[in-house]
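Asks: sequence-free structure coming up:
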């Protein structure tokens, strides 16, 4: 029996945080997720999700997935590149950024999860594996809202969990406060633990250069999104002025947005976000494109589903460990010696925990 996609199922859920958290540009209380399941006539399914901060405009994402899902229904999932290209042409009038790409990303990733299961292979093996573990950094703490005691507690918790790298948020209106906070974390974790700092696009190029130079004694692994995502010249100016590596790209869409960053030499480390780039199909192309510029990548959020890229893209140097979505899955990420183990389970290696999701459902 030929394999065919029979239905696209969607489910909205809310994942509340234990307390409000903040970056320089975000006030967050929860994430709203749209879970996507591709069903087939052989009973094999593919799963993925997309999310919005605080559940904002989740219904718009739901409607777009519903509309684009029609391109998958009745199709052979093995022809995923052909489906992707048909959708790319179809969304030309509505745009190749934003909600359209997020919806395409979720559908594409679910289809790849399905294809891995059909092939009875983990996706990094299907793509062509290069490793079975990857460096990671703890990202679920050290928020801009944290006072000194909370900063210390977050850092201690990350060390206790086995992390060898972590990220602190900066980019406030008070540069001295940022410097002090980074210093607190560095003093607590010592010199052997990697430390990153994320400005979340909040600074001008001059401000970012001033902050970067002031933070140089703390041996940062990178300074992330120092200026607005659309200010590529500003990125390049900061990168030229500082010895610290600049990481950016999480807000860019598809390989064309990444190409512009690479051509401008706007960052030292490219950070593709699975939801914004167009799914695993496009993420693989971005990894290859970035390698042609000799620029490494470090994937943004979507840790569980990005591991297939980490395991198959030689120029992927790390993944962001974000625990927000752990409740969605039956399986847990495994951290060993500061590295995440890339699962050898079929497909993406993570399956929805429907009993837990039932308690989270948004009607």
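Replies: Structure's in. What do you need? Just so it is clear, the model here is predicted, and its values are computed rather than measured.

Asks: quick one: mean pLDDT for the strand ranked longest in the chain?
Replies: In the chain, assigned by DSSP state E, the strand with the most residues is strand 5-22. For strand 5-22, the mean pLDDT works out to 96.

Asks: ditto for stretch 58-73
Replies: Mean predicted confidence for stretch 58-73 is 97.

Asks: show me which residues of it are buried.
Replies: 58, 61-62, 64-65, 68-69, 71-72 (16 or more other Cβ atoms under 10 Å). (C-beta placed from N, C-alpha, C; glycine too.)

Asks: just the ones of these in helices?
Replies: 58, 61-62, 64-65, 68-69 (DSSP state H).

Asks: for those, give me a markdown table that also has distance to residue 85.
Replies: Output for these, formatted as a markdown table (distance: Cβ to Cβ, whole Å):
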| residue | distance to residue 85 |
| --- | --- |
| 58 | 27 |
| 61 | 22 |
| 62 | 24 |
| 64 | 18 |
| 65 | 18 |
| 68 | 13 |
| 69 | 16 |
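
Asks: what packs against the longest strand of the chain?
Replies: strand 27-40, helix 58-69 (3 or more Cβ pairs under 8 Å, 6 or more residues apart in numbering; DSSP states H and E).

Asks: what angle separates that strand from strand 27-40?
Replies: If you take axes from the mean of the first three to the mean of the last three Cα atoms, to 10 degrees, strand 5-22 sits at 170 degrees to strand 27-40.

Asks: show me the shaky parts of this protein.
Replies: Along the chain, the parts satisfying pLDDT under 70 run over 363.

Asks: let me see the domain layout of it.
Replies: Using automatic domain parsing, the domain parsing of the chain gives 5-120+354-358, 125-341.

Asks: for the stretch 51-200 of the chain, which segments count as strands?
Replies: 133-138, 165-169, 194-198 (DSSP state E, counting those that start in this stretch).

Asks: cool, and the stretch 201-350 of the chain?
Replies: 223-224, 246-248, 269-270, 297-299, 316-321, 335-336, 339-341.

Asks: now those strands as a markdown table including mean neighbour count and distance to residue 154?
Replies: As requested, the strands of the stretch 201-350 of the chain are arranged in a markdown table below (neighbours: other Cβ atoms under 10 Å; distance: least, Cβ to Cβ, whole Å):
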| stretch | mean neighbour count | distance to residue 154 |
| --- | --- | --- |
| strand 223-224 | 28 | 17 |
| strand 246-248 | 26 | 20 |
| strand 269-270 | 24 | 23 |
| strand 297-299 | 28 | 20 |
| strand 316-321 | 23 | 13 |
| strand 335-336 | 13 | 16 |
| strand 339-341 | 19 | 19 |
